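> please work out how this folds:
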Amino acid sequence: MIYACVPCDRYFGSNQSLQQHLDSPVHDFHCDECDRPFRSQHALQQHLDSPAHDFHCDECDRPFRSQHALQQHLDSPAHDFDCDECGRTFTNQHALQQHLESPAHTFDCEECDRIFKSQEALQQHLDSPAHVFGCNECDRSFKNQHALQQHLDSSSHIPKALNSYSGIPRAEVAPVFATACRLRFTQPTATSLSKQVKTNLEEAVLSAIIAAALRLLPTVDTPEGIALRKEQIRVRAAKAKFAEDSFCAELTRLGYKFRRESQQEGEAVTPDIRFDEPISVFGQLCWWLEFKNYFGFRKNPFVAAKDKRQFLRYATQIGPGAVVYKLGFETSHVNIEGVVTFREKEVLQALRLQIL
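Predicted structure coming up:
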């Protein structure tokens with residue numbers, strides 16, 4: 001009778017020989033991965049299929065079916081541990097953690113030398129108002145020290161202190177205009193008005209305020225009255241044109257490129273001056289200038305409200321700009337975003353300095 005070993009397909013002449021074979025180490029079925037012995041192929045297969053047989057990566061806890069597969073994983077780029085902040089790669093979690101806790105992992109702001117623990121924290125700092133570099137002389141702000149230095153070295157950097165004129169407070173203008181309105185029927189002069197209100201305003205400013213008050217007089221519709229009004233309008237327009245022409249001639253002499261109102265055919269809005277490229281005046285970007293041959297103030301009858309609507313259209317459709325008043329202006333009387341006010345004298349001084 002023949003006795004067969006089913007697991008290994010060997011045959012024996014007696015049951016005793018078969019039993020000796022089964023009990024011997026030769027009969028064991030070894031796992032090539034972990035070298036464990038098993039009494040049968042079936043037992044070995046169960047072991048191979050069992051989670052206990054997996055080879056785990058100590059760094060990322062991934063399971064593998066063999067030591068060879070685990071080693072391939074350890075040697076592959078997929079097993080690398082990357083620093084999300086700086087992109088450096090490490091072979092294990094411990095090395096990455098040491099890097100994260102190391103002073104070498106910091107993120108430095110090159111502009112102000114502050115140190116941050118992550119790229120995100122550095123970016124928040126760079127985007128925050130605390131990171132801006134302000135010019136102490138003209139209030140403009142810059143994103144880095146280099147940009148600030150370029151501004152300081154630029155001809156467009158005009159210290160705010162050079163603009164000594166900031167307007168005349170409303171508290172000084174209002175009583176003068178009120179008195180001029182009260183005296184308008186007596187045809188007041190600058191001298192008589194200054195005595196009435198005891199003001200230190202310049203004679204030209206007082207004359208401009210009186211002219212504004214006189215517009216409130218009743219119209220005289222006789223032929224003589226109509227002729228007088230027409231002559232006054234003609235003289236006023238001629239003076240305004242002469243003043244504007246003189247201002248534009250100086251801009252041209254200084255080398256600025258611009259189009260005057262008559263050269264802006266087809267444009268939706270036509271300021272007195274539209275620059276080909278924006279210029280900087282006391283740190284303010286200006287695409288356009290509007291020249292006014294009078295003193296600007298909020299109570300100016302029939303003029304102030306119309307002017308504000310005009311300036312708003314310019315700012316909305318062209319961009320930021322400025323109103324240049326020949327005689328000056330009342331402080332904050334325009335107050336439109338994107339529109340600044342200057343006196344002619346200071347504007348020309350600033351622009352001349354930029355050319356030097």
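> go through stretch 257-275 and flag the buried ones.
258, 259, 260, 261, 264, 270, 271, 272, 273, 274, 275 (16 or more other Cβ atoms under 10 Å). Glycine gets a C-beta too; all of them are placed from N, C-alpha and C.
> what average pLDDT does that stretch get?
Stretch 257-275 comes out with an average pLDDT of 95.
> from start to finish, how long is it in a straight line?
6 Å (Cα to Cα, to the nearest Å).
> what's near enough to touch residue 211?
residue 294 (Cβ atoms under 8 Å, 6 or more residues apart in numbering).
> can you do 10 Å?
Counting by Cβ atoms under 10 Å, 6 or more residues apart in numbering, residue 211 touches 180, 232, 236, 294, 295, 300.
> quick one: list the elements packing against the helix ranked longest in the chain.
For the chain, the helix reaching the highest residue count under DSSP state H is reported as helix 223-253. Helix 223-253 sits against helix 203-214, strand 258-260, strand 273-281, strand 284-292, helix 344-355, with contacts defined as 3 or more Cβ pairs under 10 Å, 6 or more residues apart in numbering; DSSP states H and E.
> compute the inter-axis angle for the first one and helix 223-253.
Helix 203-214 and helix 223-253 meet at an angle of 140 degrees, taking axes from the mean of the first three to the mean of the last three Cα atoms, to 10 degrees as the criterion.
> send me stretch 184-192 as PDB with only the CA atoms.
What follows is stretch 184-192, C-alpha atoms only, in PDB (Å, rounded to 0.1, in the frame of the first residue of the first chain):
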ATOM      1  CA  ARG A 184     -23.700 143.600  -3.100                       C
ATOM      2  CA  PHE A 185     -26.200 146.400  -3.800                       C
ATOM      3  CA  THR A 186     -23.500 149.000  -2.800                       C
ATOM      4  CA  GLN A 187     -20.800 147.600  -5.200                       C
ATOM      5  CA  PRO A 188     -18.200 146.900  -2.500                       C
ATOM      6  CA  THR A 189     -14.500 146.900  -3.200                       C
ATOM      7  CA  ALA A 190     -11.800 144.600  -1.800                       C
ATOM      8  CA  THR A 191     -10.700 147.400   0.500                       C
ATOM      9  CA  SER A 192     -14.100 148.200   1.900                       C
END
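> show me what it is in contact with.
Under the contact criterion Cβ under 10 Å, 6+ apart, stretch 184-192 has outside partners 179-180, 182-183, 194-196, 199, 201-210, 212-218.
> show the buried residues in those.
179-180, 183, 194, 199, 201, 205-210, 212-214.
> now the helices for this protein?
So, for the chain - with DSSP H - the helices run 15-23, 41-49, 67-75, 93-100, 119-127, 145-153, 170-182, 190-197, 203-214, 223-253, 304-317, 344-355.
> between those, which gets nearest to residue 336?
Smallest distance to residue 336 across those (Cβ to Cβ): 5.5 Å, for helix 304-317.
> which other helices and strands contact that closest one?
strand 284-292, strand 321-325, strand 339-343.
> which one of the buried residues of stretch 257-275 is nearest to residue 249?
Using Cβ to Cβ, the buried residues of stretch 257-275 come closest to residue 249 at residue 260, 10.9 Å.
> so who does residue 314 touch?
Taking Cβ under 10 Å, 6+ apart, one finds 269-272, 274, 287-290, 320-323, 336, 338-339 in contact with residue 314.
> at 7 Å instead, please
Contact analysis of residue 314 by Cβ atoms under 7 Å, 6 or more residues apart in numbering lists 269, 271, 288, 290, 321.
> pLDDT score assigned to it?
Among the per-residue scores, residue 314 shows a pLDDT of 96.
> the one 5 residues further on now?
Confidence per residue is given as pLDDT, and for residue 319 that number is 95.
> next one: residue 27
Per the predicted model, pLDDT is 59 at residue 27.
> likewise the one 3 residues further on?
Reported pLDDT at residue 30 in the predicted model: 66.
> also the one 5 residues further on?
Confidence at residue 35, expressed as pLDDT, is 60.
> go on, the one 10 residues further on?
As summarised for this prediction, residue 45 has a pLDDT of 71.
> what's the neighbour count on it?
12 (other Cβ atoms under 10 Å).
> how much space between it and residue 66?
14 Å (Cβ to Cβ, to the nearest Å).
> same question for residue 5.
Residue 5 is 27 Å from residue 66, by Cβ to Cβ.
> do residue 200 as well
99 Å.
> now swap in residue 278 and tell me
Per Cβ to Cβ, residue 278 is found 71 Å from residue 66.
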